[in-house]
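**Q** Make a model of this:
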Amino acid sequence: KIYTPQDIDIQLRAAAEAFLENDDGCLVDSEKGEVRLSQIFKWYKADFGGTDEKVLKWVLDHMGDSEKKTSLRGILSSGKIKVTFLSYDWSSNNSH
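**A** Numbers count the residues shown, from 1 in each chain. A predicted model of the protein is given here:
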């Protein structure tokens, strides 16, 4: 993907939405009240707000309209949230 200066904000927003809709970025289990996030959110937690709740709010704000977003919104409003982190797949860095 080539990013252009004039469209960088839109392009990065679209990339974030796509990443969060992919199960490698975010999994939401409404029944368990559990959200499983990419390790990236653990490694750079301070950049996303510093707490699990703030990270989840960042994730919610950067998701496109979807069933996953609706489920996450429900978990956040319940106040009973379990956040875990997915294993990181380093092989994706080798993709061209």
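
**Q** going forward, measure contacts and count neighbours with C-alpha atoms only.
**A** Noted.

**Q** State the three-state secondary structure for Ser77.
**A** Three-state call for Ser77 (DSSP: H, G, I helix; E, B strand; the rest coil): helix.

**Q** residues in contact with Ser71?
**A** By CA atoms under 8 Å, 6 or more residues apart in numbering, the residues touching Ser71 are 28-30.

**Q** And the pLDDT at Asp89?
**A** Asp89 carries a pLDDT value of 81.

**Q** Name all residues that make contact with the closest residue to Lys68 other than its chain neighbours.
**A** Sequence neighbours aside, Val28 is the residue nearest to Lys68 in space, at 6.5 Å (criterion: CA to CA, 6 or more residues apart in numbering). By CA under 8 Å, 6+ apart, the contact set of Val28 is 34-36, 68, 71-72.

**Q** Backbone dihedrals for Val28, please?
**A** Backbone geometry at Val28, expressed as degrees, to the nearest 10, gives phi -120, psi 120.

**Q** what's the pLDDT at it?
**A** 97.

**Q** So what pairs up with it in the strands?
**A** Val35 (DSSP bridges).

**Q** can you give me the helices for this protein?
**A** Assigned by DSSP state H, the helices in the chain fall at 8-21, 39-43, 52-62, 67-78.

**Q** CSV please, covering those helices and showing distance to Lys1 and mean pLDDT.
**A** Formatted as CSV, the helices of the chain follow (distance: least, CA to CA, whole Å; pLDDT from 0 to 100):
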stretch, distance to Lys1, mean pLDDT
helix 8-21, 9, 96
helix 39-43, 20, 97
helix 52-62, 19, 96
helix 67-78, 25, 95
